[in-house]
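Student: Okay, predicted coordinates and the sequence, questions at the end:
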Amino acid sequence: MKTVKKILLILLSVLTFMLCCACGNTDSAIPKEFSVCVTYCFNGGKMENYAERTQLTVFYKPQSRIAEPGVSTSELQEVKRSGCFAAGWYYAKTNEKGEIVYDEVGNPIPGDKAFDFKNDVVTENITLVIKWSQKIKVIFKNLYSTQAKEYTKNYESGDKFNRPGIETSARGGKVEGYYWSYDEGTDTYSDEIVFGNLTFDDLQARIGDDPEKEGDYAVLYVYVKIAPETNE
């Protein structure tokens with residue numbers, strides 16, 4: 001426990017020297033023992049305290065554990081991106097020459113190896129890139145069915161948004177429509193869905209800034225209106 005507290009105190013002291021610059025800066029305010037720098041790249045996301053920044057560089061002592069944004073210390077806040085949620089921090093992808101690979105808008109691309117904040121230590125300058133999840137679990141809620149109440153389908157970026165076929169469980173009832181929202185108090189629906197031509201961008205817009213999460217997926221609800229079976 002004492003060791004953990006000591007590490008945290010070191011991290012907090014280091015973070016007071018947080019700089020948005022390249023490694024190798026000779027600013028005399030930074031103690032010489034903090035010779036390793038870690039660049040946290042937001043990959044299209046934002047950190048509230050540094051809303052205009054795309055990345056932050058923090059200096060650490062060699063062989064030390066580093067802070068995880070949004071977890072280890074309040075100095076490094078959680079990075080957020082509209083419609084997405086973080087799937088971890090990864091070492092930046094590099095080419096055969098060891099050079100960092102960038103996407104079309106200039107963001108470093110996350111590689112395949114995740115950084116383990118609990119166990120990994122830094123021995124050299126590194127660039128970490130946050131990876132964003134774009135997986136969506138769509139839960140179709142069949143409010144009036146006498147059988148299955150829900151039907152789940154998983155989507156990823158670029159997938160078509162298709163009719164689920166949930167009407168087969170309606171026990172004679174007829175599907176009147178699929179809707180983005182439902183007001184239980186007034187028993188009314190709004191925003192009817194058109195199937196067949198919606199991609200991830202459309203689904204992402206419906207999830208908003210703070211999606212509900214279930215494992216590696218953001219959750220989106222679609223309400224299925226079933227006309228009750230009649231004797232006519």
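Tutor: Cool, got the structure.

Student: V175 pairs with what?
Tutor: Judged by DSSP bridges, the bridge partners of V175 are I226.

Student: Do I have it right that it meets V222?
Tutor: No: contact between V175 and V222 fails when scored by C-beta atoms under 8 Å: they sit 11.9 Å apart. For the C-beta atoms, the positions are set from N, CA and C on the backbone; glycine is no exception.

Student: These two: who's more crowded?
Tutor: V222 (23 against 19; other C-beta atoms under 10 Å).

Student: What residues does the spatially closest residue to G45 that is not a sequence neighbour make contact with?
Tutor: Take G45 and drop its neighbours on the chain: the residue closest to it by C-beta to C-beta, 6 or more residues apart in numbering is R81, 3.8 Å away. R81 is in contact with 42-46, 132, counting by C-beta atoms under 8 Å, 6 or more residues apart in numbering.

Student: quick check, distance from stretch 43-61 to the centre of its chain.
Tutor: 16 Å (C-alpha atoms, centre = their mean, to the nearest Å).

Student: Buried residues of it, list them for me.
Tutor: 43, 45-47, 50, 54-60 (16 or more other C-beta atoms under 10 Å).

Student: Let's see which of those residues end up in strands.
Tutor: When DSSP state E defines the strands, the subset of the buried residues of stretch 43-61 inside them is 46-47, 55-60.

Student: Can you tell me which of those is nearest I136?
Tutor: Nearest to I136 among those: K46, at 21.1 Å, using C-beta to C-beta.
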